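[1] After the sequence you'll find the predicted model.
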Amino acid sequence: MSKTLFDKVWDSHTVQRIENGPDVIFIDRHLVHEVTSPVAFLGLKNRGINVLYPERTFATADHNTPTINQHLPVKDKLSANQLKALEENSKAHNIPYWGLGHEKNGIVHVIGPENGITVPGATIVCGDSHTSTHGAFGAIAFGIGTSEVEMVLSTQCIMQPKAKSMRINIDGNLNLGVTPKDVALFIISKLTTSGATGYFVEYSGQVFREMSMEGRMTVCNLSIEMGARGGMIAPDEKTFEYIKGREYTPKGAAWEKAMDYWQTLYSDEDAVFDKEISFDASEIEPMITYGTNPGMGIGIQNGIPKANSVEGGNATYKKSLEYMAFNEGEAMIGKPIDFVFLGSCTNGRIEDFRAFASIIKGRKKADNVTAWLVPGSHRVEEAIKNEGILDVLHESGFELREPGCSACLAMNDDKIPAGKYAVSTSNRNFEGRQGPGSRTLLASPLVAAAAAVTGKVTDPRELMEEVIA
Amino acid sequence: MAYDKFNILKSSAVPLPIENVDTDQIIPARFLKATERKGFGDNLFRDWRYHPDNTPKEQFVLNNPIYKGKILVGGKNFGSGSSREHAAWAVYDYGFRCVVSSFFADIFRNNCLNIGVLPVQVSPEFLDKIFRAIEENPNTELEIHLPKQTITILETNESEGFAINDYKKENMLNGFDDIDYLLNIKNEIQEFAGDTPL
């Protein structure tokens, strides 16, 4: 019987199928961080059991960490306590722990691929919804709650019903200034934040084939923002090239054996999806959000939609615009902004810093803008230095911070103040997401860079064309 | 963690007719620093419920004493966003045992089922009826009958069925959790693990 990519990976990890109930799914790799794990470890302690497969488990500190002076003790007592708990739990259960200052430390979804923990055809979970990032490699990867973290620690399995399947095809060539982030924000704006709930999405077509691994990670990362359980892209030569030789990828005979499996990972030609959606690449413009969920995005040159043109939820829509202090029909271009945030598991990889640098090079940071540039990991930080990007940033008046989730969820001190506008490359523009009262405009690293040097919402193509001319 | 069994729940309900209520609203990230599952109910809907100086926002429904009960009724796409189980913990810890909506985000629904909060998905029309009934009479009682899988507005006797798979239903009725099940099939899991290619 013909199968989708998702079917192949899911079915090969099904330990047990419970009639009129969930499947028991075996998990190959489990990523753990400080915020969603302590109660799970406590559960193990209360039951008197150990982690079943520590060698399949990896721990890092990222959500609740400072992004300056990481060599000093963490000032916030509760945060320090949470970090200590993860360190102790990792030690007690023989789990590798890459804490603050460790060369492999960084955002959990950045370091997984960097270290070869993320491989095609694997099942990967983490107590974080953006685990969908790893689907870029053809893995089934999704976020889980703390009860499920406890299940995976204790039995390496979770129990979930199989999701429905959706395929999103985009063919054609992308326009100038359109990045993987714009592709994702475009899709979410079409499907809404609940449009893919209950589905696992496969991205296919020319646009994703031609996309870099970093770009694929950005797209898969944002799958959860349309409600999808996860997103994935069939592995190809680019994927194998990326993972080969990384620390945790199979070597020698094990690599050959894995390749035999990986080569089978594509949706069969006549595989049937529960839903198929297609777009043309030429429809996509550089995007920006104007509201309080990631589905509220528009092409940067467009006006904010009128409430009466938005399907249902008129009251909710108006509440959202009120929070943002925007009006229906207004243009986004030219709106003054206060902060720029470059980073997160969505756009905190080296390619994102290259894109940002390409716009700011030879320009100066606008005086009214505070910019927080946060690499996704120490490896990314190192590459920024090695490639000379740090010099470009400094020359333009920007500083680089240390790795972590930072202002994406503002658990640490990196909080956008109430009422202030931030153009952010992260993933959520919910009320207060980046700090109580903060107002977030989600966009690509190019749009963020254009805002950083002009102090307002600016179409990056204007600055790119200047460079070309 | 084991939780109280769920069978038949009769209670008035708290209405929150807003769509796309995300988990950052249910519990903001800055309250996720605990290492134990304690006290999350105090920060449920923190920024909708309190001003920055911690005084209550009087217009918010949880601060309005005429609305109370063990059932929270929310708008479409309830619980979107982050996977933080703290959101479900906050709902439970505040005293809710059931959330009713016309649509739930996946991870939030799972988290609820795993800790003993019953997510009840109803049709958009029935959700409207519930909101209207509560608006007319804040003491309106709902009956959630898990064995029969029905939700009833007791005043008008209007009723609708809801879906839950047999396995989860058994768990809720008995207060079991998935780890109990998984620990029982540990041998089978270990055998399976020996054969995996990765």
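    Structure's in. What do you need? On a predicted model such as this, the values are computed, not experimentally measured, just so you know.

[2] same question for stretch A:335-351, mean pLDDT?
    In this model, stretch A:335-351 has an average pLDDT of 98.

[3] what sits against the residue in chain A that chain B sits nearest to?
    Nearest residue of chain A to chain B: A:Gly21, at 2.8 Å (CB to the nearest CB). Where C-beta positions appear, they are placed from N, C-alpha and C, glycine not excepted. Taking CB atoms under 8 Å, 6 or more residues apart in numbering or on different chains, we find A:Gly21 in contact with A:Met159, A:Pro161, B:Asn165, B:Asp166, B:Tyr167, B:Lys168.

[4] ok, for it, nearest residue in space, not its chain neighbours?
    Of all residues not flanking A:Gly21 in the chain, B:Tyr167 sits nearest, at 2.8 Å (CB to CB, 6 or more residues apart in numbering or on different chains).

[5] Report the contact partners of the one you found.
    Applying CB under 8 Å, 6+ apart to B:Tyr167 gives the contacts A:Ile18, A:Asn20, A:Gly21, A:Pro22, A:Met159.

[6] one more time with 10 Å
    With contacts defined as CB atoms under 10 Å, 6 or more residues apart in numbering or on different chains, B:Tyr167 is in contact with A:Ile18, A:Glu19, A:Asn20, A:Gly21, A:Pro22, A:Met159, A:Pro161, B:Phe176, B:Asp178, B:Tyr181.

[7] pLDDT value on the residue of chain A closest to chain B, please?
    Note on A:Gly21: pLDDT of 96.

[8] that older thread, may I see the buried residues of the helix or strand encompassing the residue nearest to A:Gly21?
    Assigned by DSSP states H and E, B:Tyr167 belongs to helix B:166-174. Going by neighbour count (16 or more other CB atoms under 10 Å in any protein chain shown), the buried part of helix B:166-174 is B:Tyr167, B:Lys168, B:Lys169, B:Asn171, B:Met172.

[9] ok so, going back, now tabulate the contacts of A:Gly21 in TSV and tack on distance to A:Ser204.
    Shown next, in TSV, are the contacts of A:Gly21 (distance: CB to CB, whole Å):
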residue	distance to A:Ser204
A:Met159	29
A:Pro161	24
B:Asn165	31
B:Asp166	35
B:Tyr167	33
B:Lys168	33
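
[10] quick one: which of the residues you listed is nearest B:Phe131?
    Closest approach to B:Phe131 among those (CB to CB): B:Lys168, at 26.4 Å.

[11] how about the nearest residue to the closest one, chain neighbours excluded?
    Of all residues not flanking B:Lys168 in the chain, B:Leu113 sits nearest, at 5.3 Å (CB to CB, 6+ apart).

[12] can you map out the strands along chain B?
    Secondary structure of chain B (DSSP state E): strands at B:8-16, B:71-74, B:98-101, B:118-121, B:141-145, B:150-153, B:158-161.

[13] Include mean neighbour count, distance to A:Glu214 and mean pLDDT when you put those into JSON lines, please.
    Formatted as JSON lines, these follow (neighbours: other CB atoms under 10 Å in any protein chain shown; distance: least, CB to CB, whole Å; pLDDT from 0 to 100):
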{"stretch": "strand B:8-16", "mean neighbour count": "19", "distance to A:Glu214": "39", "mean pLDDT": "98"}
{"stretch": "strand B:71-74", "mean neighbour count": "25", "distance to A:Glu214": "37", "mean pLDDT": "98"}
{"stretch": "strand B:98-101", "mean neighbour count": "25", "distance to A:Glu214": "36", "mean pLDDT": "98"}
{"stretch": "strand B:118-121", "mean neighbour count": "21", "distance to A:Glu214": "36", "mean pLDDT": "98"}
{"stretch": "strand B:141-145", "mean neighbour count": "19", "distance to A:Glu214": "47", "mean pLDDT": "98"}
{"stretch": "strand B:150-153", "mean neighbour count": "19", "distance to A:Glu214": "47", "mean pLDDT": "98"}
{"stretch": "strand B:158-161", "mean neighbour count": "14", "distance to A:Glu214": "47", "mean pLDDT": "98"}
